[in-house]
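**Student:** Below: sequence and its predicted model.
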Amino acid sequence: MTKMFPVLLATVLSLIFISRGSVYAQNNQQQKTPEELAASEADRLERLLDLEGWQVFYVDSTLQHDFAALTAEVKMLQDSKVDNLSLYQSVQDKWWDRIDASYRKIFTDEQWAKYLKNGALKNQKARAKRKAKAEASKK
């Protein structure tokens with residue numbers, strides 16, 4: 001399992017960005033760090049939503065923190081030898097919920113609407129559906 005961690009981490013992070021409509025190109029290069037992924041996503045959102053400088057700063061700061069925390073939590077699961085992929089998905093969902101909550105505070109109403117139209121609403125609904133399914137299975 002320890003040898004699978006880099007592959008699992010790369011898979012989780014790539015799923016994050018694929019689901020966000022971002023291009024994740026490896027091209028036989030080294031894998032991007034969470035910091036590089038955060039910067040790429042902040043740049044993408046800046047172009048997509050026409051963000052102001054202060055907004056880009058807050059988006060990048062949010063992503064830097066949350067991607068590092070996501071990576072640490074995934075590593076903790078891996079170190080605990082957790083094989084249940086739904087646990088990894090729930091960690092990812094938790095952090096994307098926090099990211100979206102931060103975005104809502106940063107974006108204007110128009111930017112938020114555009115962000116939702118560009119795939120975020122679909123992702124939020126999928127997370128809510130997974131959460132409801134997990135809650136139902138606990139009963």
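**Tutor:** Ah, there it is. Numbering: from 1, shown residues only.
**Student:** what comes up buried for whichever strand or helix holds Asp66?
**Tutor:** If you go by DSSP states H and E, Asp66 is part of helix 53-79. For helix 53-79, the neighbour count (16 or more other Cβ atoms under 10 Å) marks 55-56, 58-60, 62-67, 70-71, 73-74, 77-78 as buried. From N, CA and C alone the C-beta is placed, and that goes for glycine too.
**Student:** try stretch 37-47
**Tutor:** For stretch 37-47, by 16+ other Cβ under 10 Å, it's Leu37, Ala38, Ala39, Ser40, Glu41, Ala42, Arg44, Leu45, Glu46.
**Student:** chain center to it: distance?
**Tutor:** 12 Å (Cα atoms, centre = their mean, to the nearest Å).
**Student:** Same question for stretch 39-58.
**Tutor:** 15 Å.
**Student:** CA atoms of that stretch as CSV?
**Tutor:** The C-alpha trace of stretch 39-58 is given here as CSV (Å, rounded to 0.1, in the frame of the first residue of the first chain):
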residue,chain,number,x,y,z
ALA,A,39,-1.8,27.9,-8.6
SER,A,40,-3.0,26.3,-11.9
GLU,A,41,-6.6,26.2,-10.6
ALA,A,42,-6.4,29.8,-9.3
ASP,A,43,-5.2,30.9,-12.8
ARG,A,44,-8.0,29.0,-14.5
LEU,A,45,-10.6,30.6,-12.2
GLU,A,46,-9.1,34.0,-12.8
ARG,A,47,-9.5,33.6,-16.5
LEU,A,48,-12.9,32.0,-16.3
LEU,A,49,-14.5,34.4,-13.8
ASP,A,50,-12.5,37.5,-14.5
LEU,A,51,-11.3,37.7,-10.9
GLU,A,52,-9.7,40.7,-9.4
GLY,A,53,-6.2,40.5,-7.9
TRP,A,54,-7.4,40.3,-4.3
GLN,A,55,-9.8,37.5,-5.3
VAL,A,56,-7.0,35.5,-7.0
PHE,A,57,-4.9,35.9,-3.9
TYR,A,58,-7.7,34.5,-1.6
